[in-house]
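K.L.:
Requesting a structural model of the entry that follows:
(one chain, ligands or ions: 2)
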Amino acid sequence: MKILFWLPQADASAWLHGLARALPEAELREWQPGDTAPADYAVVWHPPRELFAAPGLRAVFNLGAGVDAILALERDQPGTLPANVMLVRLEDSGMGPQMGEYVQHAVLRYLRRFDDYALQQARREWHVLAPHPLETFTVGILGLGVLGAQVARAVAALGVPVRGFSRSAKTLAGIETFSGELHGPQFDAFLSNVKLLVNLLPATPDTENVLDARTFGKLARGAYLVNVARGTHLAEADLLDALGNGTLAAATLDVFREEPLPAEHPFWREPRITITPHSSALTLRDEAISQIADKIGALARGETVSGVVHVERGY
Ligand code: NAP
Ligand code: GLV
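P.N.:
Ligands and ions are numbered 1, 2, ... in the order given. Purely as a prediction, here's the structure:
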């Protein structure tokens, strides 16, 4: 079996060694521009369009949960991802616990007002601030998939009320769930009284700019935003306006329309925005290789695998 590998801006050798250990029968090669030789599988992150033309390709494994970069290639040039090539994304593979910790940290920081204390410290001010009441600090999770469901449980363990929103109905112990269309009546019911909104939706044409003035205006006044999904979900000017007029109190952003965030971007100058460099949940090499190797083994035996992307749905 022949496997292509593509991971930009990273040392591929540790990945290739790991894949070779997990799949000793495989012939592995790092894809290079101009490579048009046959391959059965590809393991990639942000691949170039030309890689998908490899003759015999059966499945492409994405080294992350979000497949928006690959589906954008298909949208821009239909047929890039041939209909018979399966696209499989990572499912958790160690990202869920990381995302849970990241969001727990943001919840505790805002609940106990460490953000306000940091601003006070910069001004050398000493005032005790009342923490937010736990029972009204409702956390809303947009997206209750593999990661959203884990984050919901992690946040519920802190004792705050937690609710979640997804396209299809879900039942999760201890979590109030809502489902339906974004901006529909269930979405409005989900947003009402939410004090901290976490975004864990996939980036699709339907979810672009979902974090906008309309959405912010339906949250509890002075709510907090945590965006750990994709930069295209956020209407950036609306966030700055919402922080300026008190609709939102603060935001923690891990993802941006342009990454790295350009030095001149106004988010860097806004003290109520906390920035991390797309690091809320990293792809863990050993976990990812083990999951992909298991799935390649299953496909080679003619079995089905989970995590197959519905291209027409966008995730
Ligand atoms: P997932 O399992 O596919 O979950 C997606 C969730 O979003 C599902 O609950 C889905 O509803 C819901 N959804 C999708 N479109 C919707 C719509 N139009 N309206 C309402 N709900 C909608 O994905 P995941 O593994 O949890 O990952 C989520 C995203 O996190 C990824 O796509 C990626 O962009 C991001 N991510 C970021 C990082 C980082 O480091 N910052 C790391 C990993 C992932 P259904 O359940 O009904 O289908
Ligand atoms: C990271 O952003 C991922 O989608 O896994």
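
K.L.:
hey, let's count contacts and neighbours off CA atoms from now on
P.N.:
OK.

K.L.:
Which helix or strand contains residue 292?
P.N.:
Following DSSP states H and E, one finds residue 292 within helix 285-300.

K.L.:
Which residues in that helix does the neighbour count mark as buried?
P.N.:
288, 289, 290, 291, 292, 293, 295, 296 (16 or more other CA atoms under 10 Å).

K.L.:
hmm, that helix in reach of ligand 1?
P.N.:
No - judged by CA under 6 Å from any ligand atom, helix 285-300 and ligand 1 are separated, with a smallest distance of 12.2 Å.

K.L.:
Which residues does that helix contact?
P.N.:
15, 18-19, 22-23, 41, 61, 63, 90, 93-94, 304-305 (CA atoms under 8 Å, 6 or more residues apart in numbering).

K.L.:
Tabulate those residues (JSON lines), appending secondary structure.
P.N.:
Conversion of the contacts of helix 285-300 to JSON lines gives the following (DSSP: H, G, I helix; E, B strand; the rest coil):
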{"residue": "15", "secondary structure": "helix"}
{"residue": "18", "secondary structure": "helix"}
{"residue": "19", "secondary structure": "helix"}
{"residue": "22", "secondary structure": "helix"}
{"residue": "23", "secondary structure": "coil"}
{"residue": "41", "secondary structure": "strand"}
{"residue": "61", "secondary structure": "strand"}
{"residue": "63", "secondary structure": "coil"}
{"residue": "90", "secondary structure": "coil"}
{"residue": "93", "secondary structure": "coil"}
{"residue": "94", "secondary structure": "coil"}
{"residue": "304", "secondary structure": "coil"}
{"residue": "305", "secondary structure": "coil"}
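
K.L.:
the residue most distant from the middle of the protein, which is it?
P.N.:
residue 126 (37.3 Å; CA atoms, centre = their mean).

K.L.:
Any residue of stretch 306-315 touching ligand 2?
P.N.:
No - contact of stretch 306-315 with ligand 2 (CA under 6 Å from any ligand atom) is absent, the minimum separation being 10.8 Å.

K.L.:
what distance separates the start and the end of that stretch?
P.N.:
13 Å (CA to CA, to the nearest Å).

K.L.:
Could you pull up the mean pLDDT of that stretch?
P.N.:
When pLDDT is averaged along stretch 306-315, the result is 97.

K.L.:
List the buried residues of that stretch.
P.N.:
307, 308, 309, 311, 314, 315.

K.L.:
The residues you listed: which ones sit near ligand 1?
P.N.:
Among the buried residues of stretch 306-315, ligand 1 is touched by residue 315 when using CA under 6 Å from any ligand atom.

K.L.:
okay, the buried residues of stretch 306-315 in TSV with secondary structure next?
P.N.:
Compiled in TSV, the buried residues of stretch 306-315 are given as follows (three-state DSSP):
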residue	secondary structure
307	coil
308	strand
309	coil
311	coil
314	coil
315	coil
